[in-house]
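1. I would like to see how this sequence folds:
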Amino acid sequence: MQWMFLGMAFIAGSLLSTQAAVNSQLGKSLNGQPLMAAFVSFLVGTVLLFAITVAKGQFGSISIMPQQVWWKWTGGIMGAFLVCSSIIVAPKVGVANMLLFIIIGQLLAGLLIDNYGFLGMPIKPIDLSKVLGLVIVMLGMVVFFFGHKVLKS
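-> Residues are numbered from 1 along each chain as shown. You can find the predicted model right below:
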């Protein structure tokens, strides 16, 4: 079962790269308007999720939404920032380079969330292997990002 979830995460990561390229091209087609491209992207996703939610009979839980604490509503804001940022940044630095910094941010934030159990997540303490793994990933990213400059010399 664990492999299914890891596979899903892998696909999500692949789609994040693809989404950045697709949305950047959409923004370009819309007279270089990244906000409009992000809006269209979210609108299409919202319509799809609405249809799936209704089809699965889960729309009834909307009645308890007003009872939620404020920070549980911020995921959409974060998603909007991510989509808008990728539309703007990907054409400037490239999808792979953009993702390097997204991945570093994800890993660092993920370690803190896991270690301290922020946002109601279960605590998964940071250990030496995670720190070593993060350092290796970051070194690999430095090579990925700057290696071509060294090899040209």
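2. go through the helix or strand containing residue 129 and flag the buried ones.
-> In this structure, residue 129 sits in helix 128-152 according to DSSP states H and E. By neighbour count on 16 or more other CB atoms under 10 Å, the buried set for helix 128-152 is 130, 134, 141. To be clear about C-beta, it is placed using only N, CA and C from the backbone, and glycine gets the same treatment.
3. can you classify the closest residue to the last one other than its chain neighbours by secondary structure?
-> Taking CB to CB, 6 or more residues apart in numbering as the measure, residue 141 lies nearest to residue 100, with 4.8 Å between them; neighbours along the chain are not counted. State at residue 100, reduced to three classes by DSSP: H, G, I helix; E, B strand; the rest coil: helix.
4. so residue 100 is in contact with residue 145, correct?
-> Yes: contact criterion CB atoms under 8 Å: residue 100 and residue 145 qualify, at 5.7 Å.
5. tell me which other helices or strands the helix-or-strand element of the chain with minimal mean pLDDT touches.
-> One helix or strand of the chain scores below all others by mean pLDDT, DSSP states H and E: helix 128-152, with a mean of 87. Judged by 3 or more CB pairs under 8 Å, 6 or more residues apart in numbering; DSSP states H and E, the packing partners of helix 128-152 are helix 95-116.
6. okay, the angle between the helix it packs on and helix 128-152?
-> 160 degrees (axes from the mean of the first three to the mean of the last three CA atoms, to 10 degrees).
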